[in-house]
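J.: only geometry, no sequence info:
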């Protein structure tokens with residue numbers, strides 16, 4: 001197949017996909033511009049796969065950020081636990097609660 005036609009099909013398909021058009025509309029527009037049916041279907045398939053991959057990457061990024069925030073909370077909890085143990089040594093439950101709360105937050109973030 002002609003590379004110019006293939007590039008034109010992908011550019012037009014990605015432009016229409018970004019504009020929010022349905023796959024059938026994109027297929028009709030590509031067909032109207034003289035793109036062969038098999039190439040148009042391949043373009044739609046690849047654009048759909050790319051869109052799904054981007055969604056998965058965004059979700060993975062969100063999970064990583066929430067997990068990192070949970071790890072920071074654990075660090076702050078450990079620091080506050082040490083400080084509270086130094087200030088109030090007769091209350092060991094406060095530091096334990098802070099550390100366990102951070103660990104539970106990290107597991108909850110990892111499971112989401």
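T.: Okay, I see it. All values reported here derive from a predicted model rather than from experimental measurement.

J.: any idea which element the closest residue to residue 95 other than its chain neighbours lies in?
T.: The shortest distance from residue 95 to any non-neighbouring residue, by CB to CB, 6 or more residues apart in numbering, is to residue 81 (3.2 Å). In this view, the C-beta of every residue, glycine as well, is placed from N, C-alpha and C. According to DSSP states H and E, residue 81 maps onto helix 37-87.

J.: helix, strand or coil for the residue lying farthest from the centre of the chain?
T.: Distance to the chain centre peaks in the chain at residue 90, reaching 45.3 Å (criterion: CA atoms, centre = their mean). Following DSSP: H, G, I helix; E, B strand; the rest coil, the label given to residue 90 is coil.

J.: repeat that for the one 5 residues further on.
T.: Using three-state DSSP as the criterion, the local structure at residue 95 reads helix.

J.: what's the local residue count around it?
T.: Using other CB atoms under 10 Å, residue 95 has 20 neighbouring residues.
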